[in-house]
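K.L.:
quick one: sequence plus predicted model below, questions after.
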Amino acid sequence: IHEMAAEHMAHGEYEEASDVFEEILRGQQERYGQNHYRVGTALHNLGIVYLKKGDYKKAIGICQRAVAVRKESLVPNHPDVAVSL
């Protein structure tokens with residue numbers, strides 16, 4: 001399913017990509033809970049979509065959540081935390 005979202009992103013189909021990434025996020029939250037690193041990754045990817053859509057306020061909020069989840073679920077100085085910044 002991630003490949004489908006990436007394909008939409010590659011073609012500039014950001015609305016479709018956000019729908020797929022939202023679905024991925026819901027699935028990760030249901031499977032792992034709110035503070036799992038995979039949820040952080042899903043949030044990061046969704047934030048990037050909103051950045052590409054030009055919805056900067058929403059992108060910032062989502063990316064801030066991604067950073068918080070990644071900081072909580074990963075070891076200090078993990079590269080994925082830096083990527084979320």
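P.N.:
Right, received. Where do you want to start?
K.L.:
what distance do you get for the residue lying farthest from the centre of the chain to residue 66?
P.N.:
Residue farthest from the centre of the chain, counting by Cα atoms, centre = their mean, is residue 76 at 19.6 Å. From residue 76 across to residue 66, the span is 17 Å (Cβ to Cβ, to the nearest Å). (Glycine included, C-beta is placed from N, CA and C.)
K.L.:
okay, now the unreliable bits of this structure?
P.N.:
The model of the chain has pLDDT under 70 over residues 75, 77-85.
K.L.:
apply 90 and report the result again.
P.N.:
For the chain, the stretches with pLDDT under 90 are 1-2, 70-85.
K.L.:
ranges for the helices of it?
P.N.:
Using DSSP state H, the helices of the chain run over 2-10, 14-32, 37-53, 56-73, 79-84.
K.L.:
what is the neighbour count of the residue nearest to residue 18 when sequence neighbours are not counted?
P.N.:
Nearest in space to residue 18, with sequence neighbours left out and distances taken as Cβ to Cβ, 6 or more residues apart in numbering, is residue 49 at 4.6 Å. Counted with other Cβ atoms under 10 Å, the neighbours of residue 49 add up to 24.
K.L.:
thought residue 49 was touching residue 21?
P.N.:
Yes: using Cβ atoms under 8 Å, residue 49 is in contact with residue 21, at 5.7 Å.
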